[in-house]
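Asker: Next input, structure requested:
(chains A and B)
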Amino acid sequence: MALQQIDQFSAKLRPETRASVYDGSKKGHEKRTSVLFDHYPDPDHLRRLAGNIKQHVVENLDTLLPAAAAALERNGVKVHWASTAEEANAAVLAIMRARNATKMVKAKTMVSEETHLADYLGKNGVECVETDLGEFIIQIDGDHPSHIVKPIIHKNRRDIATSFEKNGLGAYNDDPQTITRRARAHLRKKYLEADVGLTGANFVTTDTGRLVLVTNEGNSRFCLAATPCHIAMVGIEKLLPRETDLGLYLNLLARSGTGQQLTVYTEFISGPRSATQPDGPEEMHVIFVDNGRTDALASDCREILRCIRCGACLNVCPVYRQASGHAYRSVYPGPVGAVLSPLLAGERFPELADLPKASSLCGACHEVCPVNIPIPDLLLRLRNRGKQEGSKAAAAGTPPMGAWSLLASQPFVWKTSLLAGNSLNYIPKSLIPVPPMQTWLRDRTLPAWRGGAFRQWLANRPTPPAAK
Amino acid sequence: MDHASSALITSPSRPSGKRVQLMATCLCDAFYDDVAKATVEVLEHLGCTVEFPEGQTCCGQPAFNGGDWASSRRVVRHTVKVFSGDLPVIVPSGSCAAMIFHGAPLEFEKEPDAAEVTALGNRTWELADFIVNGLGVKQWPGRYAAKIAFHRSCHSRGTCSGPASLNLLSSIAGLEVVPFGEGEQCCGFGGTFSVSFPNVSAGMGNLKLDHIRAVQPDVLVSGDMSCMMHLGGLAEKEGKPIKTQHVAQILRDALKNA
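Answerer: Residues are numbered from 1 along each chain as shown, chains lettered A, B, ... in the order given. Okay, the predicted model is just below:
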């Protein structure tokens, strides 16, 4: 009975990596909790409200998406639609080719990770530079993000100093300020040389067609200030019905994601620069990306599309903390990834159907989610689907339950087994050939079997005192 | 489905009263008979008449969590049949209680007998929740001289069980509840998770044990023996055993010093 892949990954994880992930996520969770509860008497009320509004969006994408597109177009934005990752990447390349553009600076966007945009552009002769510091370090390392908000949570500053040295960004120096200054100097040149700036969007308001971006480094701002063309890749679920909803979501997103009241930069973008504005892109494109989202919408797990990518569920998740983000073999790790990644995988669902197993179902993810996604329930539904689709990845290490269910639905057999189990106390447990039991016993003892003892006590005791 | 539902919600109109049915749980049936005994004794101390439906087996959670809902539903259907009637059903486990009032209705959403399953959930109580919020008992008599660490099991997250247990324990003379670090974190048991993710499970458990040992309690107490089986088993295997008790055992033993 092979073990689960995520468990095996965790067992082989470097202790330093586990420590970085644990410390980073624990701090993130503690900051989130103190800020949210300091500022709001009843944050759960806000989470439920935010969940309801996003659920409304998810349920009404068919009318909200055309409305948002119309509002964007009124603002002078060119709107594109991409069903797949390939179509999304091709749309970006087509916009660039039309402008004879060869250099892109790029802000952090999860949807572009989904489509592997940087690799695609590289293969098509476009230089695509990540400008978010964490993503920049990932890029020069040829690594992958392991957290939605803190992509390099798995690295410590010594790891980063080593990769800077290897990539010609100065002699080894693990002082965080020095590292940041070196990246800044390197990137400043890239911004000024670039033809196109690419961002994602944290929110798109349907009524006003405004794109909202939150960052802490100001890099997305630089991408837009320095380039004449802005392309935004946006998942189709990123809509908010009204601009007035932003107050709720910006407050929840910053507090849930980074424990801030508000991120350092919050940009409200309503189209390319107007005739009276001196700076800013002359051309702006929004590419709405599906890439499996309508499959998620059609499933019994559509609540996952409420997600605003804050990473709070990763930070609080004990499995994420033990296993790290890379264990999840997909762009989205942690509890949200365990639901979203298999859903977005389409026909490859069975390959990733072990991800929903990577949870003790402790419910901490649901408790912290700013849009109140019942993640444990969704994990359970996907476990059932994994079983129905015969996923080998999902079945690994899971004790078969068919025989047990027969035992547990026939009282006579059940009671007989309880008594028969007492013989287990007379043979060494290491000799009992039940794989799950041997797995249990590797790290733990098992208490003595006392099958039926309670029933005997109940049957043999004197008549209990009558109710008062 | 209520999209706004918080983690685990118990029905606001669960029946109370002093005639109850006991769901002892399979763990108590197989390993922890003293916990089931203590539960009966505590309920009888409160004047309850406790019925024990003989045909009971398990709540169905192992297969439910393992993803085999067809097998789980077979066991849940049996449980619904065994616990017929309209009496409150009392469970000395937050986890099994949550399976009945939350898990089972989830896996029966598209089944013809969903209503019967939900009806059982609507009269199911975790033990401490029943004592405090069902019977209105908030002070516990007697004495228990010990420093205890209370592990709030995850299946009481969002329910009244955690606060109810703490309320009862804190009211016992001589008993001190000591808080420990990262109390919101899971112990790593997780049912079948404990054997399909043994490394992660043990890692989570050892972190929990580190936090608990740091405050040097005399006893580790929980409303769920599954967590205690995992944590106690890890500690014993390591050669540094800790004393574990169920809330019901503390309540029963406090009465002995009344």
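Asker: so for the helix or strand hosting A:C128, what's the average pLDDT?
Answerer: According to DSSP states H and E, A:C128 maps onto strand A:127-130. Strand A:127-130 carries an average pLDDT of 97.
Asker: Stretch A:266-279 too?
Answerer: The model assigns stretch A:266-279 a mean pLDDT of 92.
Asker: ok, and for it, which residues are buried?
Answerer: Residues of stretch A:266-279 classed as buried by neighbour count (16 or more other C-beta atoms under 10 Å in any protein chain shown): A:E267, A:I269, A:S270, A:G271, A:P272, A:R273. For every residue, glycine as well, the C-beta is placed using N, CA and C.
Asker: What is the burial count for the nearest residue to A:A71 once chain neighbours are set aside?
Answerer: In this structure, A:A71 finds its nearest non-sequential neighbour in A:G209, 2.9 Å apart by C-beta to C-beta, 6 or more residues apart in numbering or on different chains. Residues within reach of A:G209, counting by other C-beta atoms under 10 Å in any protein chain shown, total 24.
Asker: out of the buried residues of stretch A:266-279, which are inside strands?
Answerer: Those of the buried residues of stretch A:266-279 mapping onto strands are A:E267, A:I269, per DSSP state E.
Asker: how about the buried residues of stretch A:266-279 in TSV, adding distance to B:G47?
Answerer: Shown next, in TSV, are the buried residues of stretch A:266-279 (distance: C-beta to C-beta, whole Å):
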residue	distance to B:G47
A:E267	65
A:I269	67
A:S270	68
A:G271	72
A:P272	76
A:R273	78
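Asker: So which of the buried residues of stretch A:266-279 reach chain B?
Answerer: When C-beta under 8 Å from any C-beta of the partner chain is applied, no member of the buried residues of stretch A:266-279 is adjacent to chain B.
Asker: now, among the buried residues of stretch A:266-279, which is nearest to B:L22?
Answerer: A:E267 (60.0 Å; C-beta to C-beta).
Asker: which parts of stretch B:148-156 are buried?
Answerer: Buried residues in stretch B:148-156, counted by 16+ other C-beta under 10 Å: B:I148, B:A149, B:F150, B:H151, B:R152, B:S153, B:C154, B:H155, B:S156.
Asker: With stretch B:250-258 instead?
Answerer: B:I250, B:L251, B:R252, B:D253, B:A254, B:L255.
Asker: Let me see the contact set for the residue nearest the centre of chain B.
Answerer: By C-alpha atoms, centre = their mean, the mean C-alpha position of chain B lies nearest to B:S93, the distance being 1.7 Å. With contact set as C-beta atoms under 8 Å, 6 or more residues apart in numbering or on different chains, B:S93 has these partners: B:T25, B:L27, B:E126, B:L127, B:H155, B:G223, B:D224, B:M225, B:S226.
Asker: B:P217: what secondary structure?
Answerer: Look at B:P217: counting by DSSP: H, G, I helix; E, B strand; the rest coil, its state is coil.
Asker: Roughly how far does it sit from chain A?
Answerer: Using C-beta to the nearest C-beta, to the nearest Å, we find B:P217 at a distance of 20 Å from chain A.
Asker: isn't that residue right up against B:A149?
Answerer: Yes - between B:P217 and B:A149 there is a contact under C-beta atoms under 8 Å: 3.8 Å.
Asker: Need the outlier residue of chain B, farthest from its centre.
Answerer: B:P112 (28.7 Å).
Asker: Among the buried residues of stretch B:250-258, which are located in helices?
Answerer: Applying DSSP state H to those, the entries found in helices are B:I250, B:L251, B:R252, B:D253, B:A254, B:L255.
Asker: Check the first one and give its pLDDT.
Answerer: If I follow you right, that is B:I250. Model confidence at B:I250 (pLDDT) stands at 98.
Asker: With B:S6 instead?
Answerer: 51.
Asker: And for A:A420?
Answerer: At A:A420, the predicted lDDT confidence score is 91.
Asker: For burial, what's the neighbour tally of it?
Answerer: A:A420, neighbours per other C-beta under 10 Å, totals 12.
Asker: does it sit in a helix or strand, and which one?
Answerer: helix A:411-420.
Asker: cool, B:A146 as well?
Answerer: Remark: B:A146 resides in strand B:143-151, with elements defined by DSSP H and E.
Asker: CA atoms only for that strand, dumped as PDB, please.
Answerer: What follows is strand B:143-151, C-alpha atoms only, in PDB (Å, rounded to 0.1, in the frame of the first residue of the first chain):
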ATOM      1  CA  ARG B 143     -13.000  18.500  43.200                       C
ATOM      2  CA  TYR B 144     -10.200  17.500  40.800                       C
ATOM      3  CA  ALA B 145      -6.800  18.700  41.900                       C
ATOM      4  CA  ALA B 146      -4.800  18.900  38.700                       C
ATOM      5  CA  LYS B 147      -3.300  21.200  36.200                       C
ATOM      6  CA  ILE B 148      -4.900  20.200  32.900                       C
ATOM      7  CA  ALA B 149      -4.300  21.100  29.200                       C
ATOM      8  CA  PHE B 150      -7.500  21.100  27.200                       C
ATOM      9  CA  HIS B 151      -7.200  20.100  23.600                       C
END
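Asker: of all the ones in helices among the buried residues of stretch B:250-258, which comes closest to B:H102?
Answerer: Closest to B:H102, out of all of those and judged by C-beta to C-beta, is B:L251, at 25.1 Å.
Asker: how many neighbours does the residue nearest to the closest one when sequence neighbours are not counted have?
Answerer: In space, and not counting its chain neighbours, B:L251 is closest to B:V42: 4.9 Å by C-beta to C-beta, 6+ apart. Number of residues near B:V42 (other C-beta under 10 Å) recorded here: 26.
Asker: B:V42 and B:A248 touch, don't they?
Answerer: Yes - if you go by C-beta under 8 Å, B:V42 and B:A248 touch, sitting 5.3 Å apart.
Asker: Overlap in contacts, these two.
Answerer: Joint contacts of B:V42 and B:A248 (C-beta under 8 Å, 6+ apart) are B:L127.
Asker: still on that earlier bit, right, is the helix or strand just after the helix holding A:A420 up against chain B?
Answerer: Note on helix A:411-420: by DSSP H and E, the next helix or strand toward the C-terminus is helix A:435-443. Yes - Helix A:435-443 is in contact with chain B by C-beta under 8 Å from any C-beta, via A:P436, A:T439, A:W440, A:R442, A:D443.
Asker: Tell me who's in contact with the residue nearest to B:L251.
Answerer: B:L127, B:I131, B:A248, B:L251, B:R252, B:L255.
Asker: Turn those residues into a markdown table, including distance to A:A345.
Answerer: A markdown table is the format used below for the contacts of B:V42 (distance: C-beta to C-beta, whole Å):
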| residue | distance to A:A345 |
| --- | --- |
| B:L127 | 42 |
| B:I131 | 47 |
| B:A248 | 45 |
| B:L251 | 49 |
| B:R252 | 51 |
| B:L255 | 56 |
